[in-house]
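Asker: Generate a structure from the sequence data that follows.
(chains A and B)
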Amino acid sequence: MLLHVFPVTYFEFACRLRFPESVVRRLCRLASFNGAFFIQQAGFVVEDVSTIIKESVEATIGGNAYQHNRVNQWTTSIVEQCLSQLSKLGKPFKYILTCVIMQKNGAGMQTASTCFWDNSTDGSCTVRWENKSVYCIVSVFGLAI
Amino acid sequence: MEEFHNGSEVSPDTNSPFSPVTCIENVVGGGDYSQSQVNKWTANIVERCLTQLVKQGKPYKYIVTCAVMQKTGAGLHTANSCYWDTAMDGSCTVRWENRTMYCVVSVFAVATA
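Answerer: Modelled structure (predicted):
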């Protein structure tokens, strides 16, 4: 099969035709599934990281109300779960995760971040999540090694 | 930061140590929490902190985050986790408050060399 024998060419072919990212990634996964040369998408992929964060927050907090005695556990669990999923991606990145959980009672809150890094290789992803009684903001910063 | 982009040399400035508390106090001062100003405050705080850090001239990438919250009795919890080289990289978190607000500034430094 052409894909099995020339996986790199297939990937370059797809990129040159400017296939949408989702298609290119499917081709990469096909290449690895066939046991051919594994093509890993370089760079910080915001979509993947965002999915990891959302799943982790849903699984940890879900529909629970804000509870002072549990929130410590929640923040720890969210950052740990996200970090282990991120390291499983196997990319050459150092990661920094921050998680803020705030009770909904009408208080105002503003956050900002700024970074001094390499714009071409490094990236970040911030996810804002809420339920009836809790706001949760998770940020992931990925710095290429 | 423009100095770095041009590639010109910046001598390390070790005479003025980095002080997040000074940055916060210079920006917020004695003011009360104000929804119209808070956006400007957080942006100014992170910018000033980053400028001071970059002036140090060390071979690091920096990430500075700042959270300002109004004091109304709401609970707030923050956590950080880092996957890096523990020998070379580090972080620093400073909590500041006045009568009407809390401010939490975190700086993460990741070695490049």
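
Asker: give me every residue that touches residue 61.
Answerer: In the absence of a named chain, this looks at chain A. A:74, A:78, A:101, A:129, A:131, A:134, A:136 (Cβ atoms under 8 Å, 6 or more residues apart in numbering or on different chains). Using the backbone N, CA and C atoms, a C-beta is placed for each residue, glycine as well.

Asker: actually it's chain B I care about, not the one you picked
Answerer: Taking Cβ under 8 Å, 6+ apart, we find B:Lys61 in contact with A:115-118, A:122, A:143, B:109-110, B:112.

Asker: Quick check: next helix or strand after the longest helix along chain A?
Answerer: The residue-count maximum for a helix in chain A (DSSP state H) belongs to helix A:71-88. Next in sequence after helix A:71-88, counting helices and strands by DSSP states H and E, comes strand A:93-103.

Asker: That following strand versus helix A:71-88: what angle between them?
Answerer: Counting by axes from the mean of the first three to the mean of the last three Cα atoms, to 10 degrees, strand A:93-103 lies at 160 degrees to helix A:71-88.

Asker: All the strands of the chain, in order from the start?
Answerer: Answering for chain A, as no chain was given. Using DSSP state E, the strands of chain A run over residues A:93-103, A:109-116, A:123-130, A:134-144.

Asker: You answered for a different chain; I wanted chain B.
Answerer: Secondary structure of chain B, counting by DSSP E: strands at B:60-70, B:76-83, B:90-97, B:101-111.

Asker: Can you list the strands that the second one pairs with?
Answerer: If I follow you right, that is strand B:76-83. Its sheet considered, strand B:76-83 pairs with strand A:93-103 (antiparallel) by DSSP bridges.

Asker: do the same with the third one
Answerer: Sheet partners assigned to strand B:90-97 using DSSP bridges are listed as strand B:101-111 (antiparallel).

Asker: low-confidence ranges in the chain?
Answerer: No chain was given, so I picked chain A. For chain A, the stretches with pLDDT under 70 are A:1-42.

Asker: That was the other one, I meant chain B.
Answerer: B:1-16.

Asker: can you list contacts of the helix of greatest length in it?
Answerer: Longest helix in chain B by number of residues (criterion: DSSP H): helix B:35-55. The contact list for helix B:35-55 (Cβ under 8 Å, 6+ apart) reads A:108, A:110-114, A:116, B:1, B:4, B:10, B:13, B:16, B:18-20, B:23-24, B:26-28, B:31, B:60, B:62, B:64-68, B:103, B:105, B:107, B:109.

Asker: touching chain B at all, the longest helix of chain A?
Answerer: Yes: applying Cβ under 8 Å from any Cβ of the partner chain, one finds helix A:71-88 in contact with chain B at A:71-72, A:74-76, A:78-80, A:82-83, A:86-87.

Asker: I'd like the C-alpha coordinates of that helix written as CSV, please.
Answerer: Output in CSV follows, covering the C-alpha atoms of helix A:71-88 (Å, rounded to 0.1, in the frame of the first residue of the first chain):
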residue,chain,number,x,y,z
VAL,A,71,-11.7,22.3,46.5
ASN,A,72,-8.0,21.7,47.4
GLN,A,73,-8.4,18.1,46.2
TRP,A,74,-10.1,19.3,43.0
THR,A,75,-7.3,21.7,41.9
THR,A,76,-4.6,19.1,42.6
SER,A,77,-6.5,16.4,40.8
ILE,A,78,-7.2,18.6,37.7
VAL,A,79,-3.5,19.7,37.3
GLU,A,80,-2.2,16.2,37.9
GLN,A,81,-4.6,14.5,35.4
CYS,A,82,-3.9,17.1,32.8
LEU,A,83,-0.2,16.9,33.2
SER,A,84,-0.2,13.1,32.9
GLN,A,85,-2.3,13.3,29.8
LEU,A,86,0.0,16.0,28.3
SER,A,87,3.1,14.0,29.0
LYS,A,88,1.5,11.0,27.3
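
Asker: quick one, it and strand A:123-130 angle?
Answerer: In terms of direction (the same axes, to 10 degrees), helix A:71-88 departs from strand A:123-130 by 140 degrees.
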